[in-house]
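[1] Just the structure for this:
(one chain, ligands or ions: 3)
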Amino acid sequence: TSTPPPHLDFRAFVDALRSDDDLADINAEVDPNLEVAAVTRRAYELQSKAPLFHNIKGAHDGLFRILGASGGLSSDPQFPYRRLVRHVGLSPNASLGDFIDKMLSAKGKPGIPPVHVETGPCKENKLFGNDIDLTKLPAPLLNKADGGNYIQTMGINIVQHPTKAWVNWSIARAMVLDKTRMVGLIMKPQHIARIYAQWMESGKDMPFAIALGAPPIAVMASSMPLPEGVTESEYVGALCGEPLELVKCETNDLYVPARSEIVIEGTVSITERAKEGPFGEMHGYSFLDEELMEPIYNVAAITYRSGNAILPISVPGRATGPDETHTLIGTLASAEIRQLLQENGLPVLNVFTPYETQVIWAAVQVDRKKLWELETNAEEFCRKIGQLVFRRKCGMQIHRLLIVGDDIDPFNFKDVIWSYASRCRPGMDEYHFEDVAAYPLVPYMSHGPGAKLTGGKVVANCLLPHEYKQEQMWVTCDFENGYPEEIKERVLRRWSDFGL
Ligand SMILES: Cc1cc2c3c(c1C)C(C)(C)C[C@@H](O)N3c1c(nc(O)[nH]c1=O)N2C[C@H](O)[C@H](O)[C@H](O)COP(=O)(O)O
Ligand SMILES: [K+]
Ligand SMILES: [Mn+2]
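    Numbers count the residues shown, from 1 in each chain. Ligands and ions are numbered 1, 2, ... in the order given. This next block holds a predicted model:
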């Protein structure tokens, strides 16, 4: 069979990055103990090519190569989002807005259930029982403060509700614990935690599969807070207009993408826990006192592609050069927040979590003409938005919403911060929410002055009072808005003559 397109096949995705000249094939030996992660972290920060490490120290029997920064910004400043939008089959010059539109394009459409195929590339090699030794795999240490080797940072965690027809795909970190066990973060209100709670009630360990090097568009849906009960693989089918091809696990009844690079399968204990973390996380901090006790993943089988399987990794940290915890988590939560606000009849054009805010803030762009028709005011409008977003799971990671006008590009932080700095009066234009669920990973919550699990959320009104009622009563003083068209044309035409 011919190779599927990049958004449906991880290896085709890697080849596409190579043909974009956006991949560095690194054949020199690199150490999975910190060196691989340090190269990857710097690659994010310099927005360089994605590093594909072909020669990992300690790799054996085809396990494994490592791809870093699969969701980083592209190395070509002309197409900054090309690597991202290749995940979803968009053209290289597609914008973040196009990416969000694409990920929302299946809303309201019926899901297309996946088809089950007999076998596939992920079945070419199989390890069971004594053949499994996670401590002998070159699982990377991603940060000098990490509490273990995080083998799972970019795979899809697959779990099924014990009684409902709901198979959830998400991304949740997990580190190697010993020969056949991992330990991973299972955090409320995430769907993996809700389903895990159901298995606890049933009294049985939760079957799991982690599909690493899964189809890129499936990784996007896994990182997206789709509504409870939505089976991500069916949403992906609707996005693609064709069913995903899945193959059955060896040791349980879950199904995984047939073309995955590596599949780790087994059961998550509903009784045994172990210390998990510290982990260098999405806000750029690794708190040394992180003392989480998280569920143990018992590994029953590992299956993987021949030809030297590739482990994708994410090395979260400061978004000076954004990594997947910003470009995927932030953008995909923005998509669901936009959907939520539009479904509730609010005149919202787009939503985006600026990287400069470590995706803790989200700018909500409002159509001001439509806003006038609501005949509302800042207090009523902002409180309504806060009540919707801060009480839904899609808003869980956001602690500040900035309500901006359609003259502001939410994807341009300079626009966003200009309107926040100049139109949001301290003490009167911010609406606080102290009775909503907080995102416990945000440093001023986990290590801040107040309660850790509730509050610390705010809606900042970045519209002047008259913008709720009429045309803006100012001229914006920049080249774009401060001059008539014929002056701008003349200046652009003569620019090179001026030698500027
Ligand atoms: C893309 C991406 C997303 C996540 C994570 C990572 C990446 C790369 C790690 C690098 C592994 C870091 C870790 O913080 N991580 C992570 C996580 N959510 C958790 O509950 N636990 C986690 O350990 N999400 C976010 C979730 O994937 C999304 O919130 C998704 O919406 C959840 O799916 P669902 O519950 O809505 O179905
Ligand atoms: K998901
Ligand atoms: Mn889900």
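[2] Only C-alpha atoms from now on, for both contacts and neighbour counts.
    Will do.
[3] Need the CA coordinates for stretch 162-170. PDB is fine.
    Taking C-alpha atoms only, stretch 162-170 is exported to PDB below (Å, rounded to 0.1, in the frame of the first residue of the first chain):
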ATOM      1  CA  PRO A 162     -15.500   0.700  31.600                       C
ATOM      2  CA  THR A 163     -19.200   0.900  30.800                       C
ATOM      3  CA  LYS A 164     -19.800   3.600  28.200                       C
ATOM      4  CA  ALA A 165     -18.800   3.500  24.500                       C
ATOM      5  CA  TRP A 166     -16.100   6.100  25.000                       C
ATOM      6  CA  VAL A 167     -12.400   5.600  24.200                       C
ATOM      7  CA  ASN A 168     -10.400   8.600  25.200                       C
ATOM      8  CA  TRP A 169      -7.100   9.700  23.600                       C
ATOM      9  CA  SER A 170      -5.000  12.300  25.400                       C
END
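[4] That stretch near ligand 2 at all?
    Yes. Remark: stretch 162-170 sits within contact range of ligand 2 at S170, by CA under 5 Å from the ion.
[5] Spell out which parts of the stretch 151-300 of the chain neighbour ligand 2.
    Contact residues, the stretch 151-300 of the chain versus ligand 2 (CA under 5 Å from the ion): 170, 222-225.
[6] Could you identify the buried members of the residues you listed?
    170, 222-225 (16 or more other CA atoms under 10 Å).
[7] Looking at the residues you listed, which is nearest A319?
    S223 (17.4 Å; CA to CA).
[8] Touching, the closest one and I329? I think so.
    Yes. Assessed by CA atoms under 8 Å, S223 is found in contact with I329 at 5.9 Å.
[9] Just the ones of the buried ones among the residues of the stretch 151-300 of the chain next to ligand 2 in strands?
    Counted as lying in strands by DSSP state E, out of those, are S170.
[10] Intersect the buried ones among the residues of the stretch 151-300 of the chain next to ligand 2 with the contacts of ligand 1.
    170, 222-225 (CA under 6 Å from any ligand atom).
[11] Nearest to L388 among those?
    Checking these against L388 by CA to CA gives P225 as the nearest, at 14.9 Å.
[12] wait, what's in contact with the closest one?
    Residues near P225 by CA atoms under 8 Å, 6 or more residues apart in numbering: 332-333, 336, 393-394.
[13] same thing with I296?
    Each residue near I296 by CA under 8 Å, 6+ apart is listed here: 181-184, 268-269, 272-274.
[14] Could you do L388 as well?
    Contact analysis of L388 by CA under 8 Å, 6+ apart lists 340-341.
[15] Confirm it sits in a helix?
    Yes. Assessed with DSSP: H, G, I helix; E, B strand; the rest coil, L388 lies in a helix.
[16] With pLDDT added, can I get the buried ones among the residues of the stretch 151-300 of the chain next to ligand 2 in TSV?
    Formatted as TSV, these follow (pLDDT from 0 to 100):
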residue	pLDDT
S170	99
S222	99
S223	99
M224	98
P225	98
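[17] From I100, how far off is the residue in the stretch 201-350 of the chain that ligand 1 sits nearest to?
    Of the residues in the stretch 201-350 of the chain, the one nearest ligand 1 is P225, at a distance of 3.5 Å by CA to the nearest ligand atom. The gap separating P225 from I100 is 13 Å, by CA to CA, to the nearest Å.
[18] Please identify every residue contacting each of those two.
    Common contacts of P225 and I100, defined by CA under 8 Å, 6+ apart, comprise L332.
[19] Who are the contact partners of the residue in the chain that ligand 2 sits nearest to?
    Relative to ligand 2, the nearest point of the chain is S222 (3.7 Å; CA to the ion). Contact analysis of S222 by CA under 8 Å, 6+ apart lists 156, 169-171, 232.
[20] Now do G68 against C424, distance only.
    Per CA to CA, G68 is found 40 Å from C424.
[21] what about the two, which has more around it?
    A count of neighbours by other CA atoms under 10 Å puts G68 above the other of G68 and C424, at 26 against 20.
[22] Tell me what that one is bridged to.
    Beta bridges link G68 to I313, judged by DSSP bridges.
[23] Was I right to think it contacts A50?
    Yes. With contact defined as CA under 8 Å, G68 reaches A50; the gap is 5.9 Å.
[24] Which residues are in contact with each of these two?
    T40.
[25] Rebuild the buried ones among the residues of the stretch 151-300 of the chain next to ligand 2 as JSON lines, extending it with distance to P5.
    Listed next are those as JSON lines, based on distance: CA to CA, whole Å:
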{"residue": "S170", "distance to P5": "22"}
{"residue": "S222", "distance to P5": "19"}
{"residue": "S223", "distance to P5": "20"}
{"residue": "M224", "distance to P5": "21"}
{"residue": "P225", "distance to P5": "25"}
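[26] In this protein, which strand is the longest?
    strand 262-276.
[27] what mean pLDDT does it have?
    Average pLDDT, strand 262-276: 98.
[28] Quick one: list the elements packing against that strand.
    When contacts are defined as 3 or more CA pairs under 8 Å, 6 or more residues apart in numbering; DSSP states H and E, strand 262-276 sits against strand 181-184, helix 191-202, strand 206-212, strand 292-304, strand 309-313.
[29] Recalculate using a threshold of 7 Å.
    Here strand 262-276 touches strand 181-184, strand 206-212, strand 292-304, going by 3 or more CA pairs under 7 Å, 6 or more residues apart in numbering; DSSP states H and E.
[30] Quick one: mean pLDDT for the second one?
    For strand 206-212, mean pLDDT is 99.
[31] Give me the contact list for that strand.
    154-159, 196, 199, 252, 256, 260-269, 311-312 (CA atoms under 7 Å, 6 or more residues apart in numbering).
[32] who does it pair up with?
    With DSSP bridges as the test, strand 206-212 is paired with strand 156-160 (antiparallel), strand 262-276 (antiparallel).
[33] Just name the most buried of these.
    strand 156-160 (a mean of 25; mean count of other CA atoms under 10 Å).
[34] how far out from the middle of the chain is that strand?
    Mean-position distance between strand 156-160 and its chain equals 16 Å (CA atoms, centre = their mean, to the nearest Å).
[35] is any part of that strand close to ligand 1?
    No. On the criterion CA under 6 Å from any ligand atom, strand 156-160 is out of touch with ligand 1, staying 8.5 Å away.
[36] by how many degrees do that strand and helix 191-202 diverge?
    Calculated by axes from the mean of the first three to the mean of the last three CA atoms, to 10 degrees, strand 156-160 forms an angle of 30 degrees with helix 191-202.
[37] Give the rounded mean pLDDT of strand 156-160.
    Mean pLDDT, taken over the full extent of strand 156-160, equals 99.
[38] Stretch 39-59 too?
    Averaged across stretch 39-59, the pLDDT comes to 98.
[39] now could you export just the CA positions of it as CSV?
    Presented in CSV, the C-alpha positions along stretch 39-59 are these (Å, rounded to 0.1, in the frame of the first residue of the first chain):
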residue,chain,number,x,y,z
VAL,A,39,19.8,19.8,22.1
THR,A,40,16.0,19.7,21.7
ARG,A,41,15.4,22.5,24.2
ARG,A,42,17.9,24.7,22.4
ALA,A,43,16.3,23.8,19.0
TYR,A,44,13.0,25.2,20.3
GLU,A,45,14.7,28.3,21.6
LEU,A,46,16.6,29.0,18.4
GLN,A,47,13.6,27.8,16.3
SER,A,48,16.1,25.6,14.4
LYS,A,49,15.3,22.4,12.5
ALA,A,50,13.7,19.5,14.3
PRO,A,51,16.5,17.1,15.6
LEU,A,52,16.1,13.5,14.6
PHE,A,53,18.7,11.5,16.6
HIS,A,54,19.6,8.3,14.6
ASN,A,55,22.3,7.2,17.0
ILE,A,56,21.2,7.2,20.6
LYS,A,57,23.7,5.9,23.1
GLY,A,58,22.3,2.6,24.5
ALA,A,59,19.8,2.0,21.7
